[in-house]
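Enquirer: any chance you could fold what I've pasted below:
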Amino acid sequence: MSGHSKMRLNMRFHSMEIGPRLLVALLRLLQHLPMPALVAVGRGVGALLHRFGHRRRRIALRNLELCFPHQSPAERAAVVREHFALLGRSLVERGLLWYAPVERLRGLIQVEGDIHLAERSPRPVMWLVPHFLGLEVAGAAVQLFQTKIGVDIYQPQRSPYFDRVLKQGRLRFGRAEALPRGVNIRQLMKRIKDGQPFFNMPDQDFGEKDAAFVPFFGVPAATLLAPSRMARALDMVVQPVVVDMLPLGQGWRVRFLPPWTDWPTDDALADTARMNAFIEAQILRDPAQYLWVHKRFKTRPPGEPSLY
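Expert: A predicted model of the protein is given here:
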């Protein structure tokens, strides 16, 4: 490659990094706001995303149409508007999670339930964390309020700069480890066997590999069988963790629910159906807080047309 071509490539690369750098700078600045003001900014960002994010808005509306066919279009549209407001909050509030003083975060995170289970358990623990919009707060909570070093699998970002910032922000408290998606599974298994809790987020469509079509609100959804199989193979305790975003600048509630006493079984398919049913029940508490902008039903059984 000629020197001129290299220069053009470098200029293009740096121009691609301008957006992520500006976003991170804005998050750093906004985290100084009082929480009620930050909530208002986040909801405003969400309103803009709802207004101009046509593709994601259509995906969210379609997901709700599939999951809640009994609701009227107006009811589903109202849920989607609130969903985007909370989505905007979740994006803006990452600045708090990544940069705010520890004591401020401790005051904003309300922990319910047995967060110390992994510290006491003689068996490895799986924190099963569905994709609610406050999910990132659970990662902060397990670093701030208990001592076990957890491990999770993360999706590397396209921007090397943002990927680095994201990892630094998530791991800033020094009690977590993140392995990139696609890593040799033996690396993860070794850490679990060594006693590290596994922060597992299994409720997205990752395709047909190692998955089965299991009902999600009555619609067949490609769902990983790995949580059940891994828990059975490693004799893991499975503890669900759900995050609620609280109104009026109150912060977040992280609920560490009782561990499942009869899960896993020797039937991974039945276990996965039960897992989906649990997530459905949590969604029904406040549907707007679940991640509806993801194509949860993208993968279809052979011969079925796309739902999107």
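Enquirer: helices of this protein, start to end?
Expert: Chain-ordered helices for the chain, with DSSP state H as the definition, fall at 3-30, 35-52, 54-67, 73-92, 94-99, 102-108, 117-120, 135-144, 160-170, 185-193, 226-233, 268-285.
Enquirer: so where's the chain shaky on pLDDT?
Expert: Within the chain, the segments meeting pLDDT under 70 span 1-16.
Enquirer: grab the longest strand from it for me.
Expert: Longest among the strand segments of the chain by residue count, using DSSP state E, is strand 237-245.
Enquirer: give the other helices and strands that that strand contacts.
Expert: For strand 237-245, the elements it packs on are helix 73-92, helix 117-120, strand 125-128, helix 135-144, strand 252-256, helix 268-285, judged by 3 or more Cβ pairs under 8 Å, 6 or more residues apart in numbering; DSSP states H and E. For the C-beta atoms, the positions are set from N, CA and C on the backbone; glycine is no exception.
Enquirer: repeat that with 6 Å
Expert: Where contact means 3 or more Cβ pairs under 6 Å, 6 or more residues apart in numbering; DSSP states H and E, strand 237-245 is packed against strand 125-128, helix 135-144, strand 252-256.
Enquirer: the shortest one: partners in the sheet, and parallel or antiparallel?
Expert: Sheet partners assigned to strand 125-128 using DSSP bridges are listed as strand 198-200 (parallel), strand 237-245 (parallel).
Enquirer: TSV for the ones you listed, including distance to G88 and mean neighbour count?
Expert: Listed next are the strands paired with strand 125-128 as TSV, based on distance: least, Cβ to Cβ, whole Å; neighbours: other Cβ atoms under 10 Å:
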stretch	distance to G88	mean neighbour count
strand 198-200	24	23
strand 237-245	11	22
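Enquirer: so for R191, which of those sits nearest?
Expert: Each of those has some distance to R191 by Cβ to Cβ; the shortest is strand 198-200, at 7.8 Å.
Enquirer: and the nearest residue to P160 once chain neighbours are set aside, how far from V254?
Expert: Once flanking residues are discounted, P160 sits nearest to E17: 7.6 Å by Cβ to Cβ, 6 or more residues apart in numbering. Between E17 and V254 the computed distance is 33 Å (Cβ to Cβ, to the nearest Å).
Enquirer: before we move on, what about Q239?
Expert: The separation that Q239 has from V254, given Cβ to Cβ, amounts to 12 Å.
Enquirer: who touches both of the two?
Expert: Jointly contacting Q239 and V254 under the rule Cβ atoms under 6 Å, 6 or more residues apart in numbering is no residue at all.
Enquirer: if we can go back for a sec, return the most buried member of the helices and strands packed on strand 237-245.
Expert: Of those, the one with the most neighbours on average (mean count of other Cβ atoms under 10 Å) is strand 125-128, at a mean of 25.
Enquirer: contact partners of that one?
Expert: With Cβ under 6 Å, 6+ apart as the contact definition, strand 125-128 has outside contacts at A118, P197, F198, F199, N200, A231, M236, V237, V238, Q239, P240, V241.
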